[in-house]
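Sharing a model that was predicted from the sequence below.
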Amino acid sequence: MLRSLMFATSLAAVAAGPALAETKLRVASGFPPKSAVGQSMDTYSETLNEASGGDLAAKTFNLSLLSLGETSAGLRDGIADVGYLISAYFPAEYPHYNLISELSMISSGPEGATNQGLAYSAAVAEYTLNNCPKCVEEFAAQNQVFTGSAASTRYGLLCTEQTDTVADLKGKRLRVAGSQWARWATAVGGAPVSLKINEVYEGLSQGVIDCVIISAPELINFSLVDVVKSINMFAPGGVYAGSAVANVNRDTWNALSADQRTAMMKGASSLAADVAWRYVEDEKSALATAAEKGIHISEPNAELTAATKEFVTKDAVTIAEFYKDKYGIENSAQIIEEFRPIVDKWFDLTANVSSKAELETLFWDEIYSKVDVNTYAQ
């Protein structure tokens with residue numbers, strides 16, 4: 001609270017003089033500066049300053065002020081004013097938000113669609129901001145205000161052997177990054193394995209695992225292109241969607257004027273688009289590198305596609321029951337049904353987006369600009 005009062009006092013003081021542009025919000029990112037998220041944080045700072053006419057500026061601390069595991073409590077306590085929150089790290093604190101994040105396999109779009117991350121980034125933001133008061137309340141309970149979300153590109157199979165069909169997957173040891181992918185691995189006859197991401201390279205090279213279920217950019221980020229022999233980006237699908245990209249300390253938010261809050265929403269919109277689009281560009285680059293190296297890249301397989309769709313239909317029921325039993329979300333099934341058409345809508349809206357600027361405009365016009373900053377999160 002002291003930190004927040006100091007911020008509010010500082011904001012009021014500089015509002016009267018030329019030192020205003022020196023006022024900085026402390027922004028925490030638990031990612032390296034050169035990572036996609038780290039670079040996107042620079043875009044956030046630039047947009048925030050421009051949108052506020054210099055009233056607000058941001059000093060970003062990448063991989064220094066707060067780790068990913070510290071971000072929730074750090075935002076709550078005012079150690080940072082803004083933070084990139086990975087909600088899955090805190091299942092008990094954000095169950096409603098994690099519910100919609102875990103649903104990322106419910107719609108993979110049309111067969112062969114590559115815009116899963118763009119669609120899901122937007123769908124989660126729209127639903128949270130407009131249709132999920134319980135999500136907003138969960139963030140408020142942690143002294144935070146949600147302002148935006150982003151998702152990775154589609155999750156596929158990066159393997160040491162060809163995995164084009166259901167038969168290819170039988171008995172394969174698949175490293176998974178979430179419970180939904182673990183359940184899918186079991187459903188298609190594989191064996192889910194839990195392994196830290198920085199141990200995946202060694203796991204693949206030494207035969208501890210046969211595949212990793214992850215997005216294509218990690219081929220480059222973790223040098224997996226040197227050990228992967230086959231890539232199937234058409235199964236299992238889904239994205240990593242539990243990223244609240246610019247959560248704001250609630251006391252900081254309440255100290256801002258309406259115009260400054262609008263600037264914060266503009267910054268979040270820009271950040272969400274920047275992160276999502278960087279993943280898209282990184283996927284293209286990673287798959288091109290893989291092709292140059294002669295790595296086998298699969299085409300959609302009808303049997304595997306059908307098996308995955310059958311799993312997803314059943315798994316939506318599993319997810320609903322889990323969140324009802326574990327976290328007392330009695331209307332979990334209703335939430336899923338409310339969320340589906342929003343995801344489908346955003347597959348259509350993002351299908352032909354061809355640039356980051358176009359994506360940012362779409363996000364702003366359709367979602368973020370419509371938030372009533374005078375009443376939101378109050």
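Thanks, I have the structure now.

My read is that residue 308 contacts residue 213, right?
No. Checked against Cβ atoms under 8 Å, the pair residue 308 and residue 213 is beyond contact range at 11.9 Å. The C-beta positions use only the backbone N, C-alpha and C, and glycine is treated the same way.

more crowded one of those two?
Using other Cβ atoms under 10 Å, the more surrounded residue of residue 308 and residue 213 is residue 213, with 27 against 23.

who's in contact with residue 288?
Contact analysis of residue 288 by Cβ atoms under 8 Å, 6 or more residues apart in numbering lists nothing.

need the helices for the stretch 101-250 of the chain, in chain order.
116-131, 133-141, 166-169, 179-187, 200-205, 218-221, 250-254 (DSSP state H, counting those that start in this stretch).

In the longest one, which residues have enough neighbours to count as buried?
By neighbour count on 16 or more other Cβ atoms under 10 Å, the buried set for helix 116-131 is 116-129.

rewinding a little: could you dump the helices of the stretch 101-250 of the chain to a markdown table with mean pLDDT and distance to residue 355?
Output for the helices of the stretch 101-250 of the chain, formatted as a markdown table (pLDDT from 0 to 100; distance: least, Cβ to Cβ, whole Å):
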| stretch | mean pLDDT | distance to residue 355 |
| --- | --- | --- |
| helix 116-131 | 96 | 12 |
| helix 133-141 | 98 | 30 |
| helix 166-169 | 97 | 36 |
| helix 179-187 | 95 | 30 |
| helix 200-205 | 96 | 32 |
| helix 218-221 | 92 | 22 |
| helix 250-254 | 97 | 31 |
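
follow-up on the earlier one: just send the buried residues of helix 116-131 back as a markdown table, with distance to residue 193 too.
Compiled in a markdown table, those are given as follows (distance: Cβ to Cβ, whole Å):
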| residue | distance to residue 193 |
| --- | --- |
| 116 | 24 |
| 117 | 24 |
| 118 | 29 |
| 119 | 29 |
| 120 | 25 |
| 121 | 28 |
| 122 | 32 |
| 123 | 30 |
| 124 | 27 |
| 125 | 32 |
| 126 | 35 |
| 127 | 32 |
| 128 | 32 |
| 129 | 36 |
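
Show me which of those is closest to residue 222.
residue 117 (18.4 Å; Cβ to Cβ).

separation between that closest one and residue 175?
20 Å (Cβ to Cβ, to the nearest Å).

Over to residue 234?
Distance from residue 234 to residue 175, by Cβ to Cβ: 18 Å.

Give the buried residues for the helix or strand harbouring residue 50.
Secondary-structure element containing residue 50, defined by DSSP states H and E: helix 36-51. Buried residues in helix 36-51, counted by 16+ other Cβ under 10 Å: 36-41, 43-45, 47-49, 51.

Also stretch 92-112?
So stretch 92-112, judged by 16+ other Cβ under 10 Å, has buried residues 93-109.

what do you get for stretch 61-77?
61, 62, 65, 66, 68, 70, 71, 72, 74, 75, 76, 77.

In strands, which of these appear?
Among these, the ones falling in strands (DSSP state E) are 61, 62.

If we only consider the buried residues of stretch 61-77, which is nearest to residue 156?
Using Cβ to Cβ, these come closest to residue 156 at residue 68, 23.6 Å.

Let me see the contact set for that closest one.
Contacts of residue 68 were listed using Cβ under 8 Å, 6+ apart, and they are 30, 31, 84, 86, 89.

Could you rerun that using 6 Å?
30, 86 (Cβ atoms under 6 Å, 6 or more residues apart in numbering).

gap between it and residue 307?
With Cβ to Cβ as the criterion, residue 68 and residue 307 are 33 Å apart.

Sounds good, over and out.
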